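# Test case, fold it:
(4 chains)
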Amino acid sequence: MAEDVYKPGNLLVSLKRHAAAIATGLRYLLSTKRMTVRYPEFVIDLGEGYRGMIRWHRDRCISCSLCAQICPAAAMKMYKLPGEKKMYPGINYQRCIFCGFCVDVCPVFALEHTPVHDISYEELDEMIYVPTKFDTEWVSPAAKEGARPVKVVFDEEVGLRHEPQ
Amino acid sequence: MALLDKIREALEPLGAKVEEVRPGYISVSVDAGNMRKAAQLLFSLGFDHVVSVEGVDWIKDKEIEVAYHAASYEPELHGVIVKLSTRIPRDKPELDTLIEVWPSALYPERETWEMLGIVFRGHPELKRLLLPPDYQGPPPLRKDYRVVEEGFIVDLTRKQ
Amino acid sequence: MAPQPLDKVVEFILSPHIFAPLIYPGLLAAMLVLLTLIWAERKMTAKVQLRYGPLYVLKPLGGIIQLIADAIKFMFQEPILPRKADKWVFVLAPVTMMAFTIIPFAFIPAAPGFVGVDLEYSLPLVLSLSALVPPLILATSWAANNKFTLLGGVREAFMMVAYETSLFIAAFAIATYYGTLSLSKIVEAQTVPGIVLNPIAAAIFFVAMLMTASKLPYDIVEGEQEIVAGPFTEYSGILYMLVMGASYMELYVLSLVFVELFLGGWKPVIPALASIHPAFQGIALFIKAYLVLLFAVFLRSVYARYRLDQALEIGWKKLFPLSLISVVWSLILLVITGGA
Amino acid sequence: MTSPGSSELRGNPYFWYRLMGRDEEGYDVYELFIGPQHPASGHMRIIVRLDGDIIVDAEPDIGYVHRTMEKLAEGREYLKNIPLFERATIIDAANITWGYVRAVEQLLGLEAPPRAEYLRTLLAEINRIASHLYGFGIAGIMLNHSTMFMWAFGDREVWVQLAEDLTGARLTHSYIIPGGVRRNLPQDFKEKALKAIRYMEKRLQDYERIFVKNPVIIARYVDVGVIKAEEAKRLGIVGPNLRAAGVRYDARIAEEYGAYPELDFEIPTREEGDAMARLLVRIEEIKQSMSMIKQILDKIPDGPIFHEKYYRMLPPKLKEFVEQTGRLKLPGAFIRLKPEPGEAVARVEMGHGEVFYHIVSDGGIKPYRVRIVTPAFRNVVLYRYLTRGARFMDLPAIYGSIDYFPPEGDR
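Numbering: from 1, shown residues only, chains lettered A, B, ... in the order given. You can find the predicted model right below:
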């Protein structure tokens, strides 16, 4: 690469550069590539390993409280509920940063990540999951309303392709 | 001559304590009055910029340690950091600025003034940088400014 | 047996004096251009940028009525009058601005003999009318009484003197060759498109057109990265719509003039079409003008913004001498070919 | 087309002090407050003083997103600080936490196994590309080149996706922990990464045509915001901004951490020191990073991804899970890491430049003092230096070209 390529050139050079820029623009104008995933209609299937909403299994939990101790955002807490002998973890999604430390530290697989990530709330209070509420399956609202799942595929030509399943 | 010896030779006449904390990390501590001289000597040894200016509040000793971490862009000094530090009393934290030696200390010194209340005499711009302009409390990085961390247990049985 | 008065009304509306300024190429067509062009601009930019652009307002047609939705939103937005603004100027300037961009339609011929007011000097008149807009932008910027608007106004003042001269000279260069200043006569006289005869003038006119309408790479006046929205910073609601619409209207007026000067006006590329119905001639003009507009707004996805001093340099040091050269070129052509 | 302004003033890094009193000396100065909520300056304010179209002084007023990270770090266990520091530069999470982890590892006397070092390097380079693309996009939109903005952010998605495949999170990976990394390389990662690299190489050519070599960009960037090697050294500039001024300094060669000593790569430098040079150095670094990713995927050794000392503590059932899924489980003792009293420093090269950590430990489970100096904080002085004497419209060009990231500067 010549050193002076990135300097203002004479009229001819500059016209060539203008033409190259416009031609590139036109080439993309006429291509059919898109990067957008039209979310409420299509939803990306995140698959195994994604650090999404956390699922707690009450039956597996041994109340060791490691998850609450490791939580860097003070989102996971041990709740002492009326009428319960043991303390159980609950989570505050106002704070959760999805670092996944709690899942990684749980010795009995009582906590696991789900690929669901697109839950929204109308009220702040709804975001606090006390143990009684925490032990439920997560369902993506978009998927529930019939969004088509797409899979992300790497592609040399378009970078990421989103293939409907 | 090894770098450590060079630094020793240059700085020990000032009464500096030079030690190698870890490979590539040399600590030099001097009296507050000798800071500028020590800085100039380090600069002439090739340490041409300051990576960090910081204070550590040793509240039990009633002292604040002000540390300048100097490094160099010269290839032979790559990978070496020299900590030039001094201890000054907590209740009268004043020190001459080193921006004449190391202009790169301009913003870090300003930040250290703001966060630990250390007055750098001769610094042209000691005004709020990161905190709100009307911040009134004690310098926040001092140890007597406490941040309360929550516990990890919520007791819902005691409610009502 | 239709009643007599209705015929009169239809005839009245179809007469060039009314139809040209109000329907085509005037107000109604201009509104259509405004609505679809901004949509097309966003859509094209989105396409280049691998996005979708406006989509969900009337999805089967790709969101084409997005601008109507936007317009409705602007209509119902509260137009905020800054307390320290000069209120009368602040409100009247955008309205007057819009008016000055619409008046030229009365003088732009849309088809052979079809023009609101047929003047011998329609070309300078149309250009002069559109040159009245920049001073009004200055007025808005002064009236809003804001630091950012003021800077925008100063930029507009600098830009205005830089491009208007070249725009006028380039237009007169081609008019010199045809020997007339009447737009209709220029079109009639064009057997070879002006862009072939005098490409320099065409290029200058196009660049100056971009500068006039603040389109990239010359959207310096609005320069949102430095001065928020330039002279229009304080505008909101329907007034904002007016000031933003005015620049597109100006672009439309100038592109009509561009087509009539350099692209053979209403003469269709396939002459046979014109013989089917005279209306095709008007449509040809519209299509040509629209293509010019599309290209002008397409540049948005290719270019960044020039610096003010660079744009002035281009205006004064490049366009101005070149425009003089284009006059000389026209004269030489005139001598060689003996005129159109 | 050089920016006007006195060269005598430019040469002296202190000249703004003398200019402080300009008003009283009878100059007319037009003061503009750009930001903190402004299309061009995210979360920071630049107080610009203009003499006509010439910038007399541009004072960066930072701190709008200051989150007291150094103070918060004093109240938390060592491990918990990783997700905290990540948030300083969320677009470059691997690099910014790596510095902290290196310092903690020095205090603990730990060393990560070779495979973990390779995986760290891999994620660091993916992050570097993503970070540069982010900077590219911002540089584009600062000049109102919206296509560059969209393209760079769109293509960044490819790298973010790669990082997600590796770590399970798009941005806040929290991947690098003392003693190793949290996940092993997924099965089909190499294939994906190679596809991404080939795609990016093609796209860089289009970037060149529509942006870098676009005459408008050349007009806006060449000879704008010039800083030469001598001044860059005095002001302590880091990262691509330093290397664009011709100083060959990079923490990756200075500190020789991770897998870098075993990789073959170049440190691109340029002499001009202008905005264009800064842009070109970043493009070259993207290319270098891609070559490094290829090398890493070829060379990566087998072995554990986590230090034996802590891995041993896991019960057999968890070990089995780790072997099967490649996802690490943490031992409970890991929550309260307890290093010896002492101090450690570490430097790591981020996309924006060098990040510095100094940790003082008093032997407790929480650090006594953590000092972070981020590259953006060290580069903030450039606003004053580069803008002086430039035209007002150069401000966004300079801002975009130095790739300043406000949350990183504020911490």
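
# what's the closest non-adjacent residue to the spatially most central residue of chain A?
What sits nearest the mean C-alpha location of chain A, by C-alpha atoms, centre = their mean, is A:H117, with 5.4 Å. Ranked by C-beta to C-beta, 6 or more residues apart in numbering or on different chains and with sequence neighbours excluded, the top spatial neighbour of A:H117 is A:G52, at 4.2 Å. For glycine as for every other residue, the C-beta is placed from the backbone atoms N, C-alpha and C.

# and if you look at D:Y368?
Once flanking residues are discounted, D:Y368 sits nearest to D:D362: 4.2 Å by C-beta to C-beta, 6+ apart.

# Any idea how many residues pack against the one you found?
15 (other C-beta atoms under 10 Å in any protein chain shown).

# how about the helices in the stretch 101-250 of chain D?
Assigned by DSSP state H, counting those that start in this stretch, the helices in the stretch 101-250 of chain D fall at D:114-142, D:146-167, D:189-207, D:215-221, D:229-235, D:240-243.

# To clarify, my last question referred to chain A.
Using DSSP state H, the helices assigned to chain A run over residues A:11-30, A:66-70, A:101-105, A:131-134, A:141-144.

# What lies in contact with the second one?
The list of residues contacting helix A:66-70 from outside it, by C-beta atoms under 8 Å, 6 or more residues apart in numbering or on different chains, reads A:76-78, A:89, A:101-103, A:105-107, A:111, B:152-153, D:79-80, D:330, D:332, D:334-335.

# Could you give me the buried positions within that helix?
A:66-70 (16 or more other C-beta atoms under 10 Å in any protein chain shown).

# can you put those residues in CSV and add pLDDT and distance to C:T36?
CSV is the format used below for those (pLDDT from 0 to 100; distance: C-beta to C-beta, whole Å):
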residue, pLDDT, distance to C:T36
A:L66, 89, 62
A:C67, 89, 57
A:A68, 89, 59
A:Q69, 88, 61
A:I70, 89, 58
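
# of these, closest to D:P301?
A:I70 (29.7 Å; C-beta to C-beta).

# Quick check: that closest one vs D:G168, distance?
A:I70 sits 17 Å away from D:G168 when distances are taken as C-beta to C-beta, to the nearest Å.

# hang on, the earlier thing: for B:D57, find the nearest of the helices of the stretch 101-250 of chain D.
Closest to B:D57 of the helices of the stretch 101-250 of chain D, according to C-beta to C-beta: helix D:229-235, at 28.3 Å.

# For burial, what's the neighbour tally of the residue in chain B that chain A sits nearest to?
Here chain B gets closest to chain A at one residue, B:F152, 4.0 Å apart by C-beta to the nearest C-beta. Here the number of neighbours of B:F152 (other C-beta under 10 Å) works out to 17.

# What are the phi and psi values at it?
Backbone torsions for B:F152, taken as degrees, to the nearest 10, come to phi -110, psi 20.

# I'd guessed it sits against A:A74; true?
Yes - with contact taken as C-beta atoms under 8 Å, B:F152 and A:A74 are classed as touching, separated by 7.3 Å.

# Grab the nearest non-local neighbour of D:R183.
Distances taken as C-beta to C-beta, 6+ apart put D:R327 closest to D:R183, at 5.4 Å, once the chain neighbours are dropped.

# wait, what's in contact with that neighbour?
A:49, A:104, D:168, D:182-184, D:321.

# how about stretch D:219-238: buried residues?
Buried, per 16+ other C-beta under 10 Å, within stretch D:219-238: D:219-229, D:231-233, D:235-238.

# tell me, which of those residues make contact with chain A?
Within the set of those, contact with chain A (C-beta under 8 Å from any C-beta of the partner chain) is found for D:219, D:222.

# quick one: low-confidence parts of chain C?
Along chain C, segments meeting pLDDT under 70 span C:1-3, C:271-274, C:277-279, C:339-340.

# Spell out which residues of it are next to chain D.
So chain C meets chain D at C:45, C:48-51, C:147-148, C:151, C:216-217, C:219-220, C:223-226, C:228, C:300-310 (C-beta under 8 Å from any C-beta).

# Repeat the analysis, applying 6 Å as the threshold.
By C-beta under 6 Å from any C-beta of the partner chain, the residues of chain C that approach chain D are C:48-50, C:147, C:217, C:224-226, C:301, C:303-308, C:310.

# picking that back up, need the winner for burial among the helices of the stretch 101-250 of chain D.
Most buried of the helices of the stretch 101-250 of chain D, by mean neighbour count (mean count of other C-beta atoms under 10 Å in any protein chain shown): helix D:240-243, with a mean of 30.

# tell me how far the helix or strand following that one is from the chain's mean position?
The C-terminal neighbour of helix D:240-243 among helices and strands, as given by DSSP states H and E, is helix D:251-254. Averaged C-alpha coordinates place helix D:251-254 at 14 Å from its chain's average position (C-alpha atoms, centre = their mean, to the nearest Å).

# could I have helix D:251-254 exported to PDB, CA atoms only?
Output of helix D:251-254 as PDB, limited to C-alpha atoms (Å, rounded to 0.1, in the frame of the first residue of the first chain):
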ATOM      1  CA  ALA D 251       1.200  -3.000  26.400                       C
ATOM      2  CA  ARG D 252       1.000  -6.300  24.500                       C
ATOM      3  CA  ILE D 253       4.700  -6.100  23.700                       C
ATOM      4  CA  ALA D 254       5.700  -4.200  26.800                       C
END
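
# Average pLDDT for it, rounded please.
Mean pLDDT, helix D:251-254: 87.

# does chain B sit close to it?
Yes - using C-beta under 6 Å from any C-beta, we find that helix D:251-254 touches chain B at D:A254.

# I would like the residues contacting that helix, please.
By C-beta atoms under 6 Å, 6 or more residues apart in numbering or on different chains, the list of residues contacting helix D:251-254 from outside reads B:78-79, D:260, D:347-349, D:354.

# change it to 7 Å
Contacts with helix D:251-254, where a contact means C-beta atoms under 7 Å, 6 or more residues apart in numbering or on different chains, come from B:78-79, D:260, D:267, D:347-349, D:354.

# same deal with stretch C:198-210?
Stretch C:198-210 is contacted from outside by C:163, C:166-167, C:170-171, C:173-174, C:177, C:194-195, C:218, C:251, C:254-255, C:258, C:261-262, C:296, C:319, C:322-323, C:325-326, C:329-330, using C-beta under 7 Å, 6+ apart.

# Would you mind listing the buried residues in that stretch?
Under the neighbour-count rule (16+ other C-beta under 10 Å), stretch C:198-210 has C:198, C:200-210 buried.

# and which of those is nearest to chain B?
The closest of the buried residues of stretch C:198-210, once distances to chain B are taken by C-beta to the nearest C-beta, is C:L210, at 42.2 Å.
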